[in-house]
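Visitor: Sequence and predicted structure, then a few things I'm wondering about:
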Amino acid sequence: MNGLMMDFPLTLSAIFRRAEALFGSQEIVSRNPDKSLHRYRVADWATRTRRLAQALIGLGVKPGERVATLAWNHGPHLEAYFGIPLMRGVLHTLNLRLHPDELAFIVNHADDRVVLIDQSLLPLWEKVRPQLSNPPIEIVFGDQYEALLAKAAPIADCPDPDENSAVAMCYTTGTTGAPKGVLYSHRAIVLHTLGLALTGVMSISEQDTVCPVVPMFHANAWGMPFAAVMTGAKMVMPGPHLDAASIVDLFARERVTITGGVPTIWIGVLQLLDDTPGAYDLSSMRYMFVGGSAVPQAMIEAFEKRHGMRIVHAWGMTELAPLGSISHLPSSLADAPDEVKFKNRAKQGRPAPFVEIRARNENGFVPWDGATMGELEVRGPWIAAGYYNRTDCGDRFTDDGWFKTGDIVTIDATGTIQVADRAKDVIKSGGEWISSVALECALMGHPAVAEAAVIPVDHPKWAERPLAAVVLKPGATATPAELRAFLEPQFPKFWMPDAFEFIDAIPRTSAGKFKKSELRERFKDYELGV
């Protein structure tokens, strides 16, 4: 027997209408490229968002077609976050930190119809455009974008789409092969937004001022823009200025209560606060969420003990929209010693509501004992069931429909996850992933190189940086500078190995694969400069 309830679709359009109706006087603040601040109200934002939706229809965009953004965090980007879904298009955020070749692959694969671009990113786009098989219509934020909106009347409410229809897409960063597109549905994003706003997750409400330092091109800015719009929170966006001084000034000036970013950002903020005690009033801050890579326990303690600021660790993936778990302290540890509390908070936390977890190794499912390691598998309503236009990724999903994350973890009796390693040896540097395999293959294309293996080594600022262990061909010579110059045209700057070590042979497993564990042990005390 079915329940007698309305069949009301879960859509971003409903979230938009709520914000427009209830929170019109709330502020949206953006840092401009010249460092000035732009302010406007949600009521004005909503009208402009409706104009954008109508303008895209006028450009010939049809429901289901992709509209890309290549932009920093600012008000017009937030207009795109909702204007594209309003006309039933698919929001496609492009990662401006990728190499132009990789961006070109992604734009071609997604078949983007329109791209909205920041003026400052046009030099990057100029390198992408010649490689496009079907170049999208280009609209530059600024005068061109404003002229486009001025010519369009605000779109009227359209019938809500099916909640399972596509609304947004992000591509993984291609750590193992070509980038893969994750295609989110309205239902997934709405449920993720509801989950994110809950007390015990990010606890976002109308009383908050939310500043997503994490870029809007990076896994939906962790969903923070959607949650802020739904709850009526004030939004503050840093634009392209992600240096510690600009960020901390924004926090203090706008009385930010909730923010999120990768550890590299918070390392710089901590250094600034330590160097300028009492210079900034950050007493409004409730939570600083950290994700992208593991955050050291010492940093969590430093923020709290020296500056009264609470770091909360989160874990997720593009395939999870992206939230998987959040590291709030379990109630069972409320009276535990501080050392126990901080140690727990340095883990990746417990799964968010509706995210179910398990882990398994070669012996089967692992017990939740906090010691036995296995690959983490997850399922839930905002977790990908496949990749866009890819039929070669079946190994990422189990026969019973769980997603295989590739993270090697332990799970304790409270359900708290701790990531121990990455199954594919990915290097996490400053919140971004670097593929060791891609670097190895490229290095072995150098005429002097016989073999190469790339491993992560600890770095005081970036958490991890790549080190390349290289075996030269007999009689051949090469210098680190020559190898770096060989790689530079092929990869983003931040992928470049910080060091090259020339060795006689790379250890192998019995199957003939590189045994990177031995290399990690050999170079575990390797010191890199900041």
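Guide: Perfect, thanks for sending it.
Visitor: Domain-wise, how is this protein divided?
Guide: Domain assignment for the chain, taken from automatic domain parsing, gives 12-25+42-199+218-230, 353-422, 427-522.
Visitor: out of the ones you listed, deepest packed?
Guide: Stretch with highest mean neighbour count among the domains of the chain: domain 12-25+42-199+218-230 (a mean of 20; mean count of other Cβ atoms under 10 Å). In this view, the C-beta of every residue, glycine as well, is placed from N, C-alpha and C.
Visitor: how close does residue 195 get to residue 204?
Guide: When distances are taken as Cβ to Cβ, to the nearest Å, residue 195 and residue 204 turn out to be 11 Å apart.
Visitor: ugh, wrong one, residue 380
Guide: Distance from residue 380 to residue 204, by Cβ to Cβ: 20 Å.
Visitor: rewinding a little: which of the domains of the chain sits closest to residue 315?
Guide: domain 353-422 (6.5 Å; Cβ to Cβ).
Visitor: And the average pLDDT for stretch 340-354 is what?
Guide: Across stretch 340-354, pLDDT averages out at 94.
Visitor: What is the end-to-end distance of that stretch?
Guide: Stretch 340-354 has its terminal residues 27 Å apart, counting by Cα to Cα, to the nearest Å.
Visitor: what's the answer for stretch 399-413, then?
Guide: End-to-end distance (Cα to Cα), stretch 399-413: 26 Å.
Visitor: Walk me through which strands the worst-scoring helix or strand of the chain on mean pLDDT pairs with, and which way each runs.
Guide: The least trusted helix or strand in the chain, going by mean pLDDT, DSSP states H and E, turns out to be strand 432-434, with a mean of 75. Strands that pair with strand 432-434, judged by DSSP bridges, come out as strand 427-429 (antiparallel).
Visitor: tell me the mean pLDDT for the partner strand?
Guide: For strand 427-429, the mean per-residue pLDDT is 82.
Visitor: Would you mark the buried spots in stretch 253-267?
Guide: 254, 256-267 (16 or more other Cβ atoms under 10 Å).
Visitor: Would you format the residues you listed as CSV with distance to residue 234 and pLDDT included?
Guide: Putting the buried residues of stretch 253-267 into CSV (distance: Cβ to Cβ, whole Å; pLDDT from 0 to 100) gives the following:
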residue, distance to residue 234, pLDDT
254, 8, 98
256, 9, 98
257, 9, 98
258, 10, 98
259, 12, 98
260, 15, 97
261, 18, 93
262, 23, 86
263, 26, 81
264, 26, 78
265, 21, 87
266, 22, 90
267, 27, 82
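Visitor: Among the domains of the chain, which one carries the weakest average confidence?
Guide: Across the domains of the chain, domain 427-522 gives the lowest mean pLDDT, at a mean of 86.
Visitor: what's the span of that domain from first residue to last?
Guide: End-to-end distance for domain 427-522: 17 Å, by Cα to Cα.
Visitor: again, but for stretch 280-295
Guide: Start-to-end, stretch 280-295 (Cα to Cα) is 23 Å.
Visitor: Leaving out sequence neighbours, find the closest residue to residue 505.
Guide: residue 471 (6.1 Å; Cβ to Cβ, 6 or more residues apart in numbering).
Visitor: List the residues that contact the closest residue to residue 11 other than its chain neighbours.
Guide: Spatial nearest neighbour of residue 11, excluding adjacent residues (Cβ to Cβ, 6+ apart): residue 186 at 4.3 Å. Residues near residue 186 by Cβ atoms under 8 Å, 6 or more residues apart in numbering: 9-13, 85, 161-165, 167.
Visitor: what's the distance between residue 186 and residue 161?
Guide: 6 Å.
Visitor: what's the overlap in contacts for those two?
Guide: Common neighbours of residue 186 and residue 161 (Cβ under 8 Å, 6+ apart) are 9, 11, 13, 167.
Visitor: I'd like the distance between the first one and residue 419.
Guide: Noted for residue 9: a distance of 36 Å to residue 419, by Cβ to Cβ.
Visitor: again with residue 110
Guide: For residue 110, the distance to residue 419 - Cβ to Cβ - is 29 Å.
Visitor: Likewise for residue 248?
Guide: Counting by Cβ to Cβ, the gap from residue 248 to residue 419 is 29 Å.
Visitor: and what of residue 162?
Guide: 36 Å.
Visitor: swap in residue 157?
Guide: 44 Å.
Visitor: And residue 517, by the same measure?
Guide: For residue 517, the distance to residue 419 - Cβ to Cβ - is 17 Å.
Visitor: How about residue 88?
Guide: Taken as Cβ to Cβ, the span from residue 88 to residue 419 is 37 Å.
Visitor: Same check on residue 198?
Guide: Taking Cβ to Cβ, one finds residue 198 at 23 Å from residue 419.
Visitor: One more: residue 158?
Guide: 42 Å.
Visitor: re the thing from before, what about the contacts of residue 186, which are in strands?
Guide: Using DSSP state E, the subset of the contacts of residue 186 located in strands is residue 167.
Visitor: Just list the residues touching the residue lying farthest from the centre of the chain, thanks.
Guide: Among the C-alpha atoms of the chain, the one farthest from their average position, using Cα atoms, centre = their mean, is that of residue 475, at 44.5 Å. Neighbour list for residue 475: empty [criterion: Cβ under 8 Å, 6+ apart].
Visitor: end to end, how far does stretch 192-210 reach?
Guide: From start residue to end residue, stretch 192-210 stretches across 17 Å - Cα to Cα.
Visitor: With stretch 486-499 instead?
Guide: 14 Å.
Visitor: Let me have the contacts of residue 186 in TSV, adding distance to residue 59 as columns.
Guide: Compiled in TSV, the contacts of residue 186 are given as follows (distance: Cβ to Cβ, whole Å):
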residue	distance to residue 59
9	26
10	28
11	22
12	20
13	20
85	16
161	19
162	24
163	26
164	26
165	20
167	19
